[in-house]
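Colleague: Okay, predicted coordinates and the sequence, questions at the end:
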Number of protein chains: 2
Amino acid sequence: MKKIGKHTLQMNNIVNILETASIVGPKESNGPLAEYFDKCIEDEFWSEKTWEKAESKFIKESSSLVLAKSGLSFADMDYAFAGDLLNQCISSTFALRESNVPFFGIFGACSTFVEALCLGSVFIDSGACTNVLCSTSSHFCSAEKQFRFPLELGNQRTPTSQWTVTGSGSVILSKNGNSPHITHLTPGVITDLGIKDANNMGAAMAPAAISTLCSHFEDTGRTPEYYDAIFTGDLGYVGKDIFIDLARTKGYNIASKYNDCGVLMFDKEKQDTHSGGSGCACIATVFSGYLYKMLKEQKIKKLLLIATGALMNATSSQQGESIPGIAHAVAVEF
Amino acid sequence: MKKIGKHTLQMNNIVNILETASIVGPKESNGPLAEYFDKCIEDEFWSEKTWEKAESKFIKESSSLVLAKSGLSFADMDYAFAGDLLNQCISSTFALRESNVPFFGIFGACSTFVEALCLGSVFIDSGACTNVLCSTSSHFCSAEKQFRFPLELGNQRTPTSQWTVTGSGSVILSKNGNSPHITHLTPGVITDLGIKDANNMGAAMAPAAISTLCSHFEDTGRTPEYYDAIFTGDLGYVGKDIFIDLARTKGYNIASKYNDCGVLMFDKEKQDTHSGGSGCACIATVFSGYLYKMLKEQKIKKLLLIATGALMNATSSQQGESIPGIAHAVAVEF
């Protein structure tokens, strides 16, 4: 591993994305990407008694599934990196408490999935580890309950609000295999331009995404032309437009090859999600389900994947604080 | 870096703990370790309007202080690893949002400090980074409010309960310098023996600490005799006794060289903290304040530092869930 420029790490060794798994909830199962997911669950509770337990089941099942798909077991995993949006990340810790895999809990809000890929890549690149597991989850109902209002109130949602994806994505990073692999990491700095509207996460996170995009291009000497596709997750419709505009002011014209996982997840006309999808599971399932298949089929050969997160909680918003954003990027090639 | 045994990573290069900083609140300032801390703050609000903002100030100031003490600036830090107990780790993210350092948010409850040292060590050992910042915080008032009862209720505390330490510890890991250095990491697996009493964290976490202790000894071939001192943080009085007993059943007699940071932090007779201290700041400040000085003065030459965490939240306890524990260990030598 070599540091290039200010923030980027270039891998010395091949960090294979050996396998992925994606499981989504009922709304995602009716969205445009349904055919790409491994499992579509029609019951938001997934036979559990609470939404929190259901969310934890999503991550437990997606991590078991990625192992099954790759013919490996928990015993083959050197370390696990996982996180979610629930207070104290209980979805992840409860899901993996029987795995017996050394566990690193991480929190980067909706950027957690790519944070896990960054940390896991460093461990694999070191040569000391063979396989690491990276998993994240989110759940619309547990997120609404925790961050916004009880669902039973039936509150109206604002036009800029995003819909937390119910689901989980898991991947195995490995020094073995011949798969799409991670070549560069650009971990992000926290960026806070003073946005205070907790129902407009796209606007709060777009500046962080731009910061990381610019760092990545400056550090690597690359331009948007180098990549076949650039994906953020999850700026949603509002944040996507801001991101394209801000990129243009920095001299990068990305519009023709750029999209956002939150925009792709739901049907804008038929599914009433306002500004699109969000949550730790958004980029995790879109990458694990859709983008990984595009990479395997070489429909995308060079992908820049940027996950964004809003680093606030319910108390900070009540106390009048602004919403710091962060974005982590990985370059994936095949 | 080399993996030895099942869970342990042995560093190839010197990972110096270049400098440390510790700042504590009023109760800790009246405890037996007061003379070792860099700053003792007499006001729980530290001139802020809320406990959450005060906690964030602790981590902001301790990270600034460790930079000042080492003659470095944020611009010299390649990456930062930080976490805390507040929902969505807002103490850390708000504290470092102006630092412009690429940031990895982590969550391991009270084990977060050693989780940060583990991840930071891997980055330094890789050779790609020169300096990384590791910081954690906790605050008695924000923790009581979030996990237990409003302080204004004046609820009676149970005899097994622990007192969350108010403060923050920060360290710089560096490939430069000639300081106490990290030689081995043993990240822990999640361990859940079914303890459900959220006021008895020591009992919930002790099995995780034993799991990591045994892994460390098995992986390295070492015995307790190898170390001058073994410290956990923060099992408290109840957990410490369980830990000693469990270690004995595994064939390790550690009683003569073992202590717990939660036990050391407060005066059992004069300061009414029941089972001792806890929180992300407990082991962070005791290590940064007391143990680091013992290492520098070579009163301790070989230290095994084990941080324990209880991976629950307020909702999981209300839903009748048990409390999974985790413990991460680092070996420090000078």
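Modeller: Alright, I've got the coordinates. Numbers count the residues shown, from 1 in each chain, chains lettered A, B, ... in the order given.
Colleague: For the stretch 201-334 of chain A, what lies in contact range of chain B?
Modeller: A:311-316, A:319, A:321, A:324, A:326 (C-beta under 8 Å from any C-beta of the partner chain). Glycine gets a C-beta too; all of them are placed from N, C-alpha and C.
Colleague: Swap in 10 Å and give it another go.
Modeller: A:211-212, A:215, A:309-316, A:318-322, A:324-326, A:328 (C-beta under 10 Å from any C-beta of the partner chain).
Colleague: partners of A:Tyr16 in the sheet?
Modeller: Tyr isn't right for residue A:16; it's Asn. Here A:Asn16 sits in beta bridges with A:Ser174, A:His181, going by DSSP bridges.
Colleague: contacting residues for it?
Modeller: A:124, A:131, A:172-182, A:334 (C-beta atoms under 10 Å, 6 or more residues apart in numbering or on different chains).
Colleague: swap in A:Asn13?
Modeller: Applying C-beta under 10 Å, 6+ apart, the residues near A:Asn13 are A:1, A:121, A:124-127, A:175, A:181.
Colleague: so which strand or helix has the spatially most central residue of chain A?
Modeller: Geometric centre of chain A, nearest residue: A:Ile283, 3.5 Å, by C-alpha atoms, centre = their mean. Following DSSP states H and E, one finds A:Ile283 within helix A:280-285.
Colleague: Same check on A:Ser168?
Modeller: Assessed by DSSP H and E, A:Ser168 sits inside strand A:167-174.
Colleague: Now find how far off-centre that strand is within its chain.
Modeller: Counting by C-alpha atoms, centre = their mean, to the nearest Å, strand A:167-174 is centred 10 Å from the centre of its parent chain.
Colleague: can you check stretch A:327-334 too?
Modeller: 11 Å.
Colleague: Same check on stretch A:223-243?
Modeller: Per C-alpha atoms, centre = their mean, the displacement of stretch A:223-243 from the mean C-alpha position of its chain is 14 Å.
Colleague: now do the same end-to-end measure for it.
Modeller: 16 Å (C-alpha to C-alpha, to the nearest Å).
Colleague: Could you give the average pLDDT over that stretch?
Modeller: The average pLDDT within stretch A:223-243 is 97.
Colleague: can you pull the buried residues of that stretch?
Modeller: Buried residues in stretch A:223-243, counting neighbours by 16 or more other C-beta atoms under 10 Å in any protein chain shown, are found at A:224, A:227-243.
Colleague: Select from those every entry located in strands.
Modeller: Counted as lying in strands by DSSP state E, out of those, are A:229-233.
Colleague: So stretch A:114-134, near chain B or not?
Modeller: Yes. Using C-beta under 10 Å from any C-beta, stretch A:114-134 reaches chain B at A:115, A:118-119, A:122-123, A:125-130.
Colleague: By neighbours, which of those residues wins?
Modeller: Among the residues of stretch A:114-134 next to chain B, the one with the most neighbours (other C-beta atoms under 10 Å in any protein chain shown) is A:Glu115, at 30 neighbours.
Colleague: residues in contact with that one?
Modeller: A:Glu115 touches A:81, A:83, A:106-109, A:134, A:136, A:185, A:187-188, A:280, A:307, A:309, A:326, A:328, A:330, B:103-106, counting by C-beta under 10 Å, 6+ apart.
Colleague: Just to be sure, it is in a strand?
Modeller: No. Note on A:Glu115: no strand contains this position according to DSSP: H, G, I helix; E, B strand; the rest coil, which reports helix.
Colleague: From what I see, A:Ser137 and A:Asp84 are in contact.
Modeller: Yes. In this structure, A:Ser137 is within contact of A:Asp84 by C-beta atoms under 10 Å, at 4.8 Å.
Colleague: can you list residues touching both of these two?
Modeller: A:55-56, A:58-59, A:91-92, A:95, A:112, A:168, A:279-281, A:284.
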